[in-house]
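Enquirer: Got a predicted model here, sequence first, then my questions.
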Amino acid sequence: MSDIVGGIFTSHVPGIGLAIARGQQQDPYWKPFFDGFAPIHRWLAQTRPDVAVVFYNDHGLNFFLDQMPTFAIGAAADYQHEDEGWGLSGFKPFTGAPDLSWHIIETVVEQEFDPVTCQSMLLDHAVAVPFELCWPDTDAWPVKVVPISLNTVQHPLPSPRRALELGRAVGRAIESWTGPERVVVMGTGGLSHQLDGERAGHINVDYDKFCLRNLAPDPEAMLQHDTLDIVELAGSQGVEILNWLAARGAMRGSVRELASNYHVPISNTAAATVLLENSAMVRA
Ligand code: DHB
Ligand code: FE
């Protein structure tokens, strides 16, 4: 039986990757954001998960507007990072966990989800930046990865309930995996931000704080807004909170917040980092 030991939730702004490459973590602009990772580094050093199941959105790298799966699950033995134009380079390759990926795919299909299965996949800043934040200064990532991409780009987007339920289905799949791996789930993106159009730069502190307050104890509260409500509240890219909802859904045990950090702005984004512990898992 595989255990989901916790969840890490973080913004994935590409500029963070550039700041890391330039060693700017202690600069006044960046320090309040990077400081939010100290408790996560301590927790990872103690907990030592083997696999990260990452809920994120592909930003046009694998899937563009002409072909957009609502959900896609990676099942490759390895993945490379590629940049879609942010000037990010040098991210280490990722090792996959194809057996676990296929188990997750089979189990979620049994639960009536229909993901696209990807035996080759490139990973963009939405995976690479959170990995570099969690495991800085390593020669190789200390975890394998199962990437799960949600469409937060091309409407119609999945509903918040569907994202939460996808996460729950993935959580059941991981719990029924007979391997010994300890799994951390990750939800990347958000919080409020809009990169284009008349409302470029839109940030909604009240909505972000509502999400941060409810993520651990009551994610169902976040279902009171539908996807278009969230676009209005949080901005056209703030809807990446769907990735957080999915990751939260995978945590079906007793969930406790261990750390939370919120800092406005990083680039155009209200940046947030949350660490949740998952214990006493239900297996059904
Ligand atoms: C920014 C945020 C994102 O989530 C993203 O994918 C790209 C850019 C930003 O704020 O710069
Ligand atoms: Fe993004």
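Expert: Ah, there it is. Ligands and ions are numbered 1, 2, ... in the order given.
Enquirer: Spell out which parts of the stretch 101-250 of the chain neighbour ligand 1.
Expert: Proximity of the stretch 101-250 of the chain to ligand 1 (C-beta under 6 Å from any ligand atom) is limited to residues 189, 193, 195, 237, 240. All C-beta atoms are positioned from the backbone trio N, CA, C, and that covers glycine.
Enquirer: Near the fourth one, how many other residues are there?
Expert: The reference is to residue 237. Neighbour count of residue 237, defined by other C-beta atoms under 10 Å: 23.
Enquirer: Of the residues of the stretch 101-250 of the chain next to ligand 1, which count as buried by neighbour count?
Expert: Applying 16 or more other C-beta atoms under 10 Å to those, the neighbour count classes 189, 193, 237, 240 as buried.
Enquirer: How about the stretch 1-150 of the chain: which residue is closest to ligand 1?
Expert: residue 13 (4.3 Å; C-beta to the nearest ligand atom).
Enquirer: Now do the phi/psi pair for that residue.
Expert: Backbone geometry at residue 13, expressed as degrees, to the nearest 10, gives phi -50, psi 120.
Enquirer: re the thing from before, need the residues of the stretch 101-250 of the chain next to ligand 1 in a markdown table with pLDDT and secondary structure, can you?
Expert: Shown next, in a markdown table, are those (pLDDT from 0 to 100; DSSP: H, G, I helix; E, B strand; the rest coil):
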| residue | pLDDT | secondary structure |
| --- | --- | --- |
| 189 | 98 | coil |
| 193 | 98 | coil |
| 195 | 97 | coil |
| 237 | 98 | coil |
| 240 | 98 | helix |
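Enquirer: Out of those residues, give me the two with the largest separation.
Expert: Spanning the widest gap among these are 189 and 195, at 12.0 Å by C-beta to C-beta.
Enquirer: How confident was the prediction at the residue of the stretch 151-284 of the chain found nearest ligand 1?
Expert: Per C-beta to the nearest ligand atom, residue 267 is where the stretch 151-284 of the chain lies closest to ligand 1, at 3.3 Å. For residue 267, the pLDDT comes out at 97.
Enquirer: So which bits of the longest helix along the chain are buried?
Expert: In the chain, assigned by DSSP state H, the helix with the most residues is helix 160-175. Neighbour counts over helix 160-175 (16+ other C-beta under 10 Å) mark 160, 162-175 as buried.
Enquirer: Can you give me the first-to-last residue distance of stretch 49-68?
Expert: Stretch 49-68 has an end-to-end distance of 31 Å (C-alpha to C-alpha, to the nearest Å).
Enquirer: List phi and psi for the residue nearest in space to the middle of the chain.
Expert: Nearest to the geometric centre of the chain sits residue 187, at 2.1 Å (C-alpha atoms, centre = their mean). Here is the backbone geometry of residue 187 (degrees, to the nearest 10): phi -120, psi 120.
Enquirer: now stretch 163-178: how far from the chain's centre is it?
Expert: Distance, stretch centre to chain centre, for stretch 163-178: 15 Å (C-alpha atoms, centre = their mean, to the nearest Å).
Enquirer: For the spatially most distant residue from the centre of the chain, list the residues it contacts.
Expert: In the chain, residue 198 marks the outermost C-alpha relative to the chain mean, sitting 27.2 Å out by C-alpha atoms, centre = their mean. Applying C-beta atoms under 8 Å, 6 or more residues apart in numbering to residue 198 gives no contacts.
Enquirer: what about it, helix or strand, and which?
Expert: Here residue 198 is covered by no helix or strand, with elements defined by DSSP states H and E.
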